[in-house]
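*Asks:* Sequence and computational prediction follow.
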Amino acid sequence: MKKVKFAVALGAAFIVLILLQMLLVPKYMLHSQEGALIGEYYDNAGSNDVIFIGDCEVYENFSPITLWEKYGITSYIRGSAQQTIWQSYYLLEETLRYETPKVVVFNVLSMKYDTPESTGSQSRREAYNRMTLDTMRWSSSKWNAIRASMTQEEKEKEALLTYIFPILRYHDRWSRLTREDLTYWFGRDTVSHNGYLMQAGIKPFQAAFQEPPLADYSFGENSWNYLEKMRCLCEKRGVQLVLIKAPSLSPVWWEQWDAQIEEYAKQHNLLYINMLDHQREIGLDWTTDTYDAGLHLNVYGAEKASAWLGKLLADKCHVPDRRDDETLAAAWSEKAARYYEQKRRLENEKN
Amino acid sequence: MKKISLAALALWIIACLWGCGASDAPSKQDGFAFTYNAVQITPGAQAEAALEALGKPKSYTEEPSCAFDGMDKTYYYGSFYLSTYPLEGKDYVLRIWLADDSVATAEGIRIGSGQGEVEKAYGAACFNGSNAFVSTKGDTRLTVILEDGAVTTILYEAIVQ
C-alpha cells in the first residue's frame, strides 16, 4: 500500500513538473513569433515538393501560397531566426525522415557564421538556439543539432540538460509570466503559412547599409563542412539541392562570398541563384516591398520573389504542378483562405 | 526514506523556480578606444554619453534584429561611423569604423598609413599573413586592413560575449 502511495505521489509530482514546464516555456504567440515556426512543420509534413531551409531570409521572403497559386508547387519553409548552417543541416536531416521533396532550397547567408560564437552575443545566440531547437521533435537530429549549436558559455554551464528539461532553463520566468503564457498554456495557434511569417507593413529603403570590409572573406571550415554534408545528404536521397541568396539588402552579401558559392555550385553541378542580381526581373520596389527598410520583404515583396522563383523551380527543376490533385487542392484552398484573411487583417490594422 | 525523497523532489522544484538568470551586461575591461574631439569612444561601453557628446550625426541608419526588440544603429560623423547594438534597453558601442584620413588611432595610424608604420605601432605579430593587422585588448579588437601596402580600413570592435 505504501509503495502504491509513493508511486502515486511520484506520478503526481511528475505531472506537476510537466504542467509547470508547459506554463514556463516561452509561447512565441504574440511576441517573437519566429520561435514558433519550427514546431509548426510537423502537422504539414509529407506532401511538399519543395522545402526551404535557412534563416529569416527564407521565412520572410517567400510565400508558399504564391508558389501554389501560380505554379501548383507544394512547399514548406523550415526557417528560423538566425538559423545557422549546422541547424539547417540537422533540420534537413529531420525533414527527410518525414518526406522526400524534389527540391531543397537553401539560403546561403548563414555560411558567414562558422561557430556559435561568431554570430555575436552568446546570450542572444542562446536565445536564437532555443527558437530553433526547443520545438523540434526529439530525434538524433535534434540531439546533434543541440550539441552543434551550444555556445562555449552553454557548454561551460553544462546546459545540455536544459534542452532536455526546458524547465531548468525557464524556471526564472515565473515572475515574468504574462496573459500570453496562460492563454497558450495548453495549446498554440498557428502563426505561419507553411513556415512563412507574414508582414504587411511598409518601411521604404532609404540609404545603403554601411558595413566595413572584412580582413578575411573566406568562409570557415565548419560552414563548408555542413554545406558539403547537406549536399551529400540530398544526393543520397535523390533530392535536388538549390542554393539561393535571397533578395535582402542587409546584411551585405559580399561579392567575395558570392564568388565562393558560385565556385562550389559549379564544382558540384548545383543551381545557385543570387536573387540580388535579379531584383529588376523580380520586380522588387524597395519603396513598397519591404517592411524594415530593405532587410526583409513584406508580403508584397515576398509574393513577387516567390512568383519569380516559382517559375524557375518549375522550369529548371521540373517541380510538378499539383493543382489537379483534388485532395491537395482542397487543403491548399484552406491554407490560402487563412493567408488572405491575415493579409486583409494586417492591411486593415495598417490603415 | 520515501518522505525524504519526496521532500528532496519538492525542494528541487522550489530551487528550480527560485533561481535567477545570469547577467548579460558586457564586462568592463581596458581595451582599445577611439578618441574624437576629446570624446573617448570605447567598444563595448554604453553609447549614450559618447553619442550626446558627439552631437548630431551627418546620417543615421537603423536595423532591427530578427525576432528581438531593439535596433542596431549606425551614426555617421563625416570621418567615422559609430555602430551600436541594443542590450536590455540600452545601446552599447559595437564598432567604430574610420572613414577618412582626417582621423587617426591613438598610435597615429590613419587611412593611407604604410605597412611599416602599422607594424611599428602594433607589432608585426599582429599581421594576419595576408592583408590585415588584428589586435585584441580586453574585450575589444582593432583591425587595420591594407591594400597595396597602404591602410584602407581601420575598425574598432567590441568582442561581444
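*Replies:* Nice, thanks for sending it over.
*Asks:* Report how many residues lie close to A:Leu133.
*Replies:* 21 (other Cβ atoms under 10 Å in any protein chain shown). For the C-beta atoms, the positions are set from N, CA and C on the backbone; glycine is no exception.
*Asks:* measure B:Lys73 to B:Tyr85 for me?
*Replies:* 8 Å (Cβ to Cβ, to the nearest Å).
*Asks:* Which one's more surrounded, those two?
*Replies:* Each of B:Lys73 and B:Tyr85 has its neighbours counted (other Cβ under 10 Å); B:Tyr85 has more, 23 against 19.
*Asks:* so how far is chain A from the more buried one?
*Replies:* 8 Å (Cβ to the nearest Cβ, to the nearest Å).
*Asks:* and that residue, what element?
*Replies:* strand B:80-87 (DSSP states H and E).
*Asks:* helices and strands around that strand, which ones?
*Replies:* helix B:48-54, strand B:71-76, strand B:90-98 (3 or more Cβ pairs under 8 Å, 6 or more residues apart in numbering or on different chains; DSSP states H and E).
*Asks:* and if we set it to 10 Å?
*Replies:* helix A:122-133, strand B:34-36, helix B:48-54, strand B:59-64, strand B:71-76, strand B:90-98, strand B:150-158 (3 or more Cβ pairs under 10 Å, 6 or more residues apart in numbering or on different chains; DSSP states H and E).
*Asks:* do you know which of the ones you listed lies nearest A:Trp308?
*Replies:* strand B:59-64 (24.8 Å; Cβ to Cβ).
*Asks:* what distance separates the strand holding B:Tyr85 from the centre of its chain?
*Replies:* Centre-to-centre, strand B:80-87 and its host chain are 8 Å apart (Cα atoms, centre = their mean, to the nearest Å).
*Asks:* can you tell me the average pLDDT over it?
*Replies:* Mean per-residue pLDDT for strand B:80-87: 92.
*Asks:* relative to helix A:122-133, how tilted is it?
*Replies:* Angle of strand B:80-87 versus helix A:122-133, following axes from the mean of the first three to the mean of the last three Cα atoms, to 10 degrees, is 60 degrees.
*Asks:* Please save the CA atoms from strand B:80-87 in PDB.
*Replies:* Provided in PDB are the C-alpha atoms of strand B:80-87 (Å, rounded to 0.1, in the frame of the first residue of the first chain):
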ATOM      1  CA  PHE B  80      33.900  57.800 -39.000                       C
ATOM      2  CA  TYR B  81      30.900  55.500 -38.400                       C
ATOM      3  CA  LEU B  82      29.700  54.500 -35.000                       C
ATOM      4  CA  SER B  83      27.500  51.400 -34.700                       C
ATOM      5  CA  THR B  84      25.700  50.300 -31.600                       C
ATOM      6  CA  TYR B  85      23.800  47.200 -30.500                       C
ATOM      7  CA  PRO B  86      20.900  47.000 -28.000                       C
ATOM      8  CA  LEU B  87      21.100  45.100 -24.700                       C
END
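*Asks:* What confidence value was assigned to the most centrally placed residue in chain A?
*Replies:* Among the residues of chain A, the one closest to the centroid is A:Gly79, at 0.8 Å (Cα atoms, centre = their mean). With respect to pLDDT, A:Gly79 has a value of 98.
*Asks:* so it bridges to which residues?
*Replies:* A:Gly54 (DSSP bridges).
*Asks:* Report the contact partners of it.
*Replies:* Shown in contact with A:Gly79 (Cβ atoms under 10 Å, 6 or more residues apart in numbering or on different chains): A:34, A:37-38, A:52-62, A:88, A:91, A:107, A:132, A:192, A:195-197.
*Asks:* same question, A:Phe209
*Replies:* With Cβ under 10 Å, 6+ apart, A:Phe209 has these contacts: A:249-252, A:293-295, B:61-63, B:72, B:74.
*Asks:* May I ask which of those residues has the most neighbours?
*Replies:* Result: A:Gly294 is most packed of these (other Cβ under 10 Å), 24 neighbours.
*Asks:* List the residues that contact it.
*Replies:* A:203-209, A:247-250, A:284, A:286, A:301, B:61, B:63.
*Asks:* Between B:Lys73 and B:Tyr85, which contacts overlap?
*Replies:* Taking Cβ under 10 Å, 6+ apart as the contact rule, B:Lys73 and B:Tyr85 both touch B:47, B:91, B:94.
*Asks:* beta partners for B:Ser59?
*Replies:* Counting by DSSP bridges, B:Ser59 is bridged to B:Tyr76.
*Asks:* can I assume it is in contact with B:Leu82?
*Replies:* No - taking contacts as Cβ atoms under 10 Å, B:Ser59 lies outside contact range of B:Leu82: 11.5 Å.
*Asks:* A:Cys232: which element?
*Replies:* Residue-wise, A:Cys232 maps onto helix A:221-236 under DSSP H and E.
*Asks:* Show me what that helix is packed against.
*Replies:* helix A:85-98, strand A:103-107, strand A:240-245, helix A:255-267.
*Asks:* can the longest helix seen in chain A be found next to chain B?
*Replies:* Determined from DSSP state H, the single longest helix within chain A is helix A:326-350. No - using Cβ under 10 Å from any Cβ of the partner chain, helix A:326-350 never reaches chain B; the gap is at least 17.2 Å.
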